[in-house]
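**Q** Can you look at this prediction? I've put the sequence above it.
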Amino acid sequence: MADLGISGLASGFDWRSVVDQLAEVERAPQTLLKRQQATLNSVNNAYSTAQTYLTSLQIKVDALNETSLFEGRKVDSSDTTVATATADGGTPLAKYTFAVSQLATASVQQGSADAGSALNATSDVSSLVLSSAPLATAVTAGTFTVNGKRVTVATSDTLQAVFDAISTATNGAVTGSYDPATDKISLTGSGAITLGSTTDTSNFLSALKLYNNGTSSVASSYALGTVKQTTALSAANFATAVSDGGGGNGSFKINGVAIAFNASTDSVTNVLTRINSSAAGVTASYDSVTDRFLLTNKNTGDLGIALEDVTGNFLAASKLAPGSLARGNNLTFTVNGGGTLVSSSNTISSASSGITGLAVTVLKAGSASLEVQSDKTKVKAAITDFIAAYNQVQSFIDTATASTTDAKGKVSAGVLAGQTDANDLATKLRRLANSPVTGLTTTLTKLADLGITTRSDNNQITLAASTTLDAALADKAGDVKELFTNSSTGLAVQLSAYLKATVGASGSLINRQSTLTKQAKDIDTQVADLERLVQSNRAALIRNFVAMESAQQRSNQQLQFLKQRFGG
């Protein structure tokens, strides 16, 4: 019996095609509903685009509604090599002459020289290997020249071996020696000594600080022994051994900030980095040429640097304590020829100058006139941004609501054609943008007074007379501000309120989109209900046709029996 579901098996009639065709006929209401749904979705999408443009317009309108925009300031300097400045909104419009007599500098705590131990304890340098000597600059292998004679040096040589090589190369005319008391090398000759040549490949002479002086005796320009910066503090060649108190928990304070160190594991580089990254407010460094440590205040001005060894003796061993303080200078200046004023920083705040909202950055001593002016460029930019956003909205609505006719007379309607919401929106915006603002006591009451007019061919506006706007901003900045920001009737105030009521959280356009979305979803429900009815009717038809096939089959079987019985 299941085979009877095959269309026409017994009857020869393709009833299943008929069932399918009848089902399609029944789906006609669904097709109509889906077309309606597509239209709803298109309208909703168009309103969504309009919402995006309107939200952008609201941002531009709200910018024009900020009173601080119209109080923006810029500062022109007569000499930007002396001083530049910025001004907060509302800073008094005026011209100020700043005469700077002294820049601010930072205080520097200078450790005593010779923090490092001498190269060698005695004058016997026959065991002092160059590669291990605590020099500021490591000696490189190669050749150097003395009195025109080439001397070859290896990093594995001892200092005495180099002295011997100098003597041999010059036939005894130049001899070398080391004085542990001064920590310097001396080269002595029978006549004027000439050191170096352009073909030298070793830095021996500069590493040992030996430079020509035109005499028969040349000595190192500075003491040679230095502190090793990457070696553990306990083995870093300090003149005074560094101690952490014996437990690895050394500590000292700079400006009250504790710095920890371990003499066995920390190097000079480690400690200096720790100081620089701390809240001590100083920059620590080591000058290998003069063999001294330095602490420089990060802030300028005549400020001290407080030092204290807590556990161990790092500050004493580095000779920072007691050391000496090179006091910084405060910035000294006058304003408009008045009395001398002082600032610890080269950036003069209003607290130092007495001019509210003005911040002056001084670059060098000298005089500069600083003129605080209204910043018209920001206001003009905000107005042109508003015009562009407004026109974007109107252009979209014009296109979406328009109907066009082609050469064959076929009319094509925009997706929002006939939508009163869209037309009302364009009309309301145009009315707000072009109507005079009431309740003002100024001469500027409408956009046209700023040179902004409505185009004759569409709903857009244009800055037709830029010079008119420039003149208004220059001569009537307060009136321009009032036109847009008057608390009750200002153009930006009115537009902002309307846009909020349109695209705000419960705005009319948002509600319209919600309604369209619901209508589209309701159609989904209707289509589903109709499809269930189609399927039910289709199933009933199939059952009836299957019954017909069954009856036809029985009839065929009976006919066949009779034919066989009666010899048909």
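**A** Structure's in. What do you need? Numbers count the residues shown, from 1 in each chain.
**Q** Mind giving me the packing neighbours of the biggest helix by length in the chain?
**A** Counting by DSSP state H, the longest helix found in the chain is helix 508-565. Secondary-structure packing of helix 508-565 (3 or more Cβ pairs under 8 Å, 6 or more residues apart in numbering; DSSP states H and E): helix 15-26, helix 28-64, helix 420-434, helix 491-503. (Glycine included, C-beta is placed from N, CA and C.)
**Q** winner for burial among the ones you listed?
**A** helix 491-503 (a mean of 19; mean count of other Cβ atoms under 10 Å).
**Q** List the contacts of it.
**A** 51, 54-55, 57-58, 61-62, 64-65, 425, 428-429, 432-433, 437, 447, 483-487, 507-510 (Cβ atoms under 8 Å, 6 or more residues apart in numbering).
**Q** between the helices and strands packed on helix 508-565, which gets nearest to L533?
**A** For these, proximity to L533 was assessed by Cβ to Cβ; helix 15-26 is nearest, at 7.4 Å.
**Q** contacting residues around the closest one?
**A** 7-8, 530, 533-534, 537-538, 541-542, 545, 548.
**Q** Format the helices and strands packed on helix 508-565 as a markdown table; extra columns: distance to T265 and mean pLDDT.
**A** Below are those laid out as a markdown table (distance: least, Cβ to Cβ, whole Å; pLDDT from 0 to 100):
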| stretch | distance to T265 | mean pLDDT |
| --- | --- | --- |
| helix 15-26 | 88 | 82 |
| helix 28-64 | 58 | 90 |
| helix 420-434 | 74 | 92 |
| helix 491-503 | 65 | 94 |
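**Q** Mind putting these into CSV with distance to Q110?
**A** Formatted as CSV, the helices and strands packed on helix 508-565 follow (distance: least, Cβ to Cβ, whole Å):
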stretch, distance to Q110
helix 15-26, 99
helix 28-64, 54
helix 420-434, 69
helix 491-503, 61
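**Q** Ok, which of those helices comes nearest L363?
**A** Nearest of the helices and strands packed on helix 508-565 (Cβ to Cβ): helix 28-64, 33.8 Å.
**Q** packing partners for the closest one?
**A** For helix 28-64, the packing partners by 3+ Cβ pairs under 8 Å, 6+ apart are helix 376-401, helix 420-434, helix 491-503, helix 508-565.
**Q** now for stretch 341-349, what's the gap between its first and last residues?
**A** 12 Å (Cα to Cα, to the nearest Å).
**Q** quick one: average pLDDT of it?
**A** Averaging pLDDT along stretch 341-349 yields 98.
**Q** Also stretch 113-122?
**A** Per-residue scores along stretch 113-122 average to 94.
**Q** contacting residues around that stretch?
**A** Residues contacting stretch 113-122 (Cβ under 8 Å, 6+ apart): 125, 128, 133-135, 159, 178, 180, 183, 223-228, 237-239, 286, 290-293, 317-319.
**Q** For that stretch, what is the distance to the chain centroid?
**A** Distance of stretch 113-122 from its chain centroid, counting by Cα atoms, centre = their mean, to the nearest Å, is 49 Å.
**Q** what's the answer for stretch 43-52, then?
**A** 33 Å.
**Q** what residues are up against F333?
**A** 98-101, 340-341, 343, 348, 362.
**Q** which two from those end up farthest apart in space?
**A** T340 and V362, at 14.3 Å, using Cβ to Cβ across the contacts of F333.
**Q** Between those two, which is the more surrounded one?
**A** Ranked by neighbour count (other Cβ atoms under 10 Å), T340 and V362 place V362 first, with 23 against 11.
**Q** give the contact list for the more buried one.
**A** So V362 contacts 82-83, 98, 100, 103, 331, 333, 346-348 (Cβ under 8 Å, 6+ apart).
**Q** bridging residues for it?
**A** A83 (DSSP bridges).
**Q** Model confidence score at L473, please.
**A** According to the prediction, L473 has pLDDT 91.
**Q** which SSE is it in?
**A** Here L473 sits within helix 466-475, counting by DSSP states H and E.
**Q** if we compare the helices and strands packed on helix 508-565, which one ends up closest to T273?
**A** Across the helices and strands packed on helix 508-565, closest to T273 is helix 28-64 (Cβ to Cβ), at 46.7 Å.
**Q** For the most centrally placed residue in the chain, report the pLDDT, please.
**A** Most central in the chain under Cα atoms, centre = their mean is T86, positioned 20.8 Å from the mean C-alpha point. T86 is assigned 97 on the pLDDT scale.
**Q** now do G567
**A** 65.
**Q** quick one: contacts for the residue of the chain positioned farthest from its centre?
**A** The C-alpha centroid of the chain is most remote from F566, which lies 104.5 Å away (Cα atoms, centre = their mean). By Cβ under 8 Å, 6+ apart, no residues touch F566.
**Q** if I look at it, how far off is Q557?
**A** Relative to Q557, F566 is positioned 16 Å away (criterion: Cβ to Cβ, to the nearest Å).
**Q** now swap in S78 and tell me
**A** In terms of Cβ to Cβ, S78 sits 118 Å off from Q557.
**Q** more crowded one of those two?
**A** Under the criterion of other Cβ under 10 Å, the comparison of S78 against Q557 puts S78 first, with 14 against 11.
**Q** hang on, isn't that one packed against S369?
**A** Yes. Counting by Cβ atoms under 8 Å, S369 is a contact partner of S78 at 4.1 Å.
**Q** Can you get me a residue count around the residue lying closest to K446 once chain neighbours are set aside?
**A** Leaving out its chain neighbours, the residue that sits closest to K446 by Cβ to Cβ, 6 or more residues apart in numbering is P436, at 4.5 Å. Number of residues near P436 (other Cβ under 10 Å) recorded here: 14.
**Q** All set now, cheers.
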